[in-house]
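> The following comprises the amino acid sequence and a computationally predicted model.
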Amino acid sequence: MKQHYKMFKKGKNWCCMAIATLSVAVGALSISQHNVNADTTETEASSISTNVENTQNLSENTVSLTTSAQNQDLQTKTADASTTQNINKTQDQNPQAGVQTQARSSAGNYIVVSPKAENSTSQSGWQTENGNSYYYRDGQKLIGQQNINGKDYYFNDQGQQQKDYFLNQNNHTYYFQSDGTRLDDGFYNNWGHTYYFQADGSRLDDGFYNNWGHTYYFQADGSRLDDGFYNNWGHTYYFQADGSRLDDGFYNNWGHTYYFQADGSRLDDGFYNNWGHTYYFGSDGARWDNRWYNNWGNKYYFGSDGALLTNSFFNTLGVNGDYDVHWSNESGVVNDVHYFSQYTPVFAPWGCAGASLAMLLSIKNVYPNLYDLIHNEPNVYGSRNQGWNGGQSGDVTTGSGFDHVIQPNALSNYGKQFYSGINDISYVNTSKIAQIIQSGHPVLYYGWSAYDAGGNRNHCKVIFGYNSHNNTFHVYDPLYGYKGRWNAHSTGGNAYDLGYNAWVPAWHIQSEMSGQAVSIY
């Protein structure tokens, strides 16, 4: 409040009247008071006191001078020049706002007034105090999560902005970056892991994220699953080193191969077809390599590359203790060499060649009528003047006129009537036979029987297996089955009476054969 003074004369006395003007600044009230001395005589100074009225009088913007004659009209007189100069001088000496001023009452007491500074206004927007950032709105510090100009920030209970800070709220985690803004729809890398914060700023926990044509999984702690397996909905999924789910792809580990389908689920107990081949993946997801598979009353074999063998002669070379030859048809169904006796069900004591030929044909699932096969083989009478190209001499049932069995070349030509792949491979030794067996082809060879260890090798047998570990051959001998005699030493009793199904040392076979042999391809 600023006070101005006017001098007027009442009767013979000079009087002073104070006029108060209320000045209001934005957010603060400034009051300035001044004492003015007016001379009535040269020797006596009258003290003029101002009386600061109550709030009601201030609101009227006028301070009244009370006199004993309240109803008397006051006539305002102009103060002389010296009085006006004193007033101006007093004002110039006290120009500052916000300084405590004293107003003395008529009783001589002083009143202390502490007005606000003229420049004290409401703070707004960003403010930095003691190295911390604050944001003011309507003069108040903001706290908690706040959206400012489209960005989200977090202020603690003291209003301090939080930077590089994790906030856990309402079962969610939020991250406020080094500039204080909340990370929305972005990745955060730390502690060797990757985290994703969604569009609303919440961290993705136990959820999937799809982008760039790939699927990613973020675990319960928010970290991305890298180079790891995820199990759910009865399936197993694999997420690669970059976090992307492996879809329609192969994974190799622990000496096995696994296939993850187009939806990312691992193929368990199922077949996969590609590149013209069929593969099988077991219940644990591992591809079956060099393994037998049995189903639908048949057996199948998956090779070293996992592909189902089809239209192939093969030898597993010891898988599950199996060293025998096999053939798989176009569907992968495996056929083996089947045993045929020259005594049962067709009784032909001299029909070993026909029975052995039936064994060769069986691997290709070719089964001619056994009786016809044995009795219709080429037959000649007389001596062996046709050499290895001659047919059998003598009756196969009674042995009448028997001199020798049908020879390799004639037998292979006869066999081609049933399957074109029957071939004469004579002039082989046991080493060559071993190679043929390991490639999956059985061999019919000429040797001695349990009855005949003489000079003529008039007995046919079939080799269908080879074990390189002990250099032995698996041999079917058709000479058994007569009156239930199947075992070794049950027929003939000589060194070649080894039973219908025997593993025979290579040296033993080499000692009885002279190179005559037939095989099937």
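Looks like it came in fine. Residues are numbered from 1 along each chain as shown.
> How much space separates residue 309 from residue 421?
17 Å (CB to CB, to the nearest Å). Quick note: C-beta positions are derived from backbone N, CA and C, even for glycine.
> More neighbours: which of those two?
The residue with more neighbours, out of residue 309 and residue 421, is residue 309; 21 against 17, by other CB atoms under 10 Å.
> my read: residue 446 touches residue 459, true?
Yes: look at residue 446 against residue 459 with CB atoms under 8 Å: they come within range, at 7.1 Å.
> what sits in contact with each of those two?
Listed contacts common to residue 446 and residue 459 are residue 405; contacts here mean CB atoms under 8 Å, 6 or more residues apart in numbering.
> May I have the residues that are in contact with the residue nearest the centre of the chain?
Nearest residue to the geometric centre of the chain (CA atoms, centre = their mean): residue 239, 1.4 Å. Residues in contact with residue 239 (CB under 8 Å, 6+ apart) are 216-217, 224-230, 245-246.
> Pull out the buried residues from the residues you listed.
Among the contacts of residue 239, the ones that count as buried by 16 or more other CB atoms under 10 Å are 216-217, 224-226, 245-246.
> possible to save these as CSV with pLDDT, secondary structure and distance to residue 476?
Below are those laid out as CSV (pLDDT from 0 to 100; DSSP: H, G, I helix; E, B strand; the rest coil; distance: CB to CB, whole Å):
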residue, pLDDT, secondary structure, distance to residue 476
216, 99, strand, 60
217, 99, strand, 58
224, 99, strand, 62
225, 99, coil, 57
226, 99, coil, 58
245, 99, strand, 54
246, 99, coil, 49
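> Run through the helices of this structure in chain order.
55-59, 81-93, 352-362, 370-375, 408-415, 430-438, 506-512 (DSSP state H).
> And the buried ones among the contacts of residue 239, which two are furthest apart?
Within the buried ones among the contacts of residue 239, 224 and 246 form the most distant pair, 14.5 Å apart (CB to CB).
> got the end-to-end distance for stretch 217-224?
6 Å (CA to CA, to the nearest Å).
> Ok, stretch 191-211 next?
Note: stretch 191-211 ends 23 Å apart using CA to CA.
> go on, stretch 467-482?
Stretch 467-482 stretches 29 Å from its first residue to its last (CA to CA).
> May I see the buried residues of that stretch?
So stretch 467-482, judged by 16+ other CB under 10 Å, has buried residues 467, 472-481.
> got it, and stretch 319-339?
Neighbour-count burial for stretch 319-339 [16+ other CB under 10 Å]: 323-328, 332, 334-337, 339.
> Same check on stretch 510-521?
By 16+ other CB under 10 Å, the buried positions in stretch 510-521 come out as 510, 512-513, 515-520.
> quick check: mean pLDDT across that stretch?
On average, the pLDDT along stretch 510-521 is 94.
> Next, report how far it is displaced from the centre of its chain.
58 Å (CA atoms, centre = their mean, to the nearest Å).
> ok, now stretch 320-331?
For stretch 320-331, the distance to the chain centre is 38 Å (CA atoms, centre = their mean).
> And stretch 154-170, by the same measure?
33 Å.
> Stretch 472-480 now?
55 Å.
> and if you look at stretch 223-234?
5 Å.
> Now for residue 248, how many residues are close by?
A count of nearby residues for residue 248, using other CB under 10 Å, gives 10.
> I'd assumed residue 265 was in contact with it.
No: assessed by CB under 8 Å, residue 248 is found out of contact with residue 265, at 10.8 Å.
> low-scoring pLDDT stretches of the protein, where are they?
By pLDDT under 70, the weakly predicted segments of the chain are 1-121, 381-389, 453-456.
> domains for it, by residue range?
With domains defined by automatic domain parsing, the chain comprises 2-112, 126-211, 246-335, 352-520.
> tell me the most buried of those domains?
domain 352-520 (a mean of 19; mean count of other CB atoms under 10 Å).
> And that one, end to end?
Start to finish, the residues bounding domain 352-520 are 17 Å apart (CA to CA).
> Tell me how far it lies from the chain's centre.
Chain-centre distance of domain 352-520: 59 Å, with CA atoms, centre = their mean.
> and if you look at stretch 350-361?
With CA atoms, centre = their mean as the basis, stretch 350-361 stands 59 Å off its chain's centre.
> what's the answer for stretch 141-149, then?
38 Å.
> pull the CA atoms of it into CSV?
Only the C-alpha atoms of stretch 141-149 are listed here, as CSV (Å, rounded to 0.1, in the frame of the first residue of the first chain):
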residue,chain,number,x,y,z
LYS,A,141,5.3,-31.0,-8.0
LEU,A,142,4.0,-34.1,-9.9
ILE,A,143,4.5,-37.6,-8.5
GLY,A,144,3.9,-41.1,-9.9
GLN,A,145,3.5,-41.9,-13.6
GLN,A,146,2.8,-38.8,-15.6
ASN,A,147,2.2,-38.2,-19.3
ILE,A,148,3.9,-35.0,-20.4
ASN,A,149,3.8,-34.0,-24.1
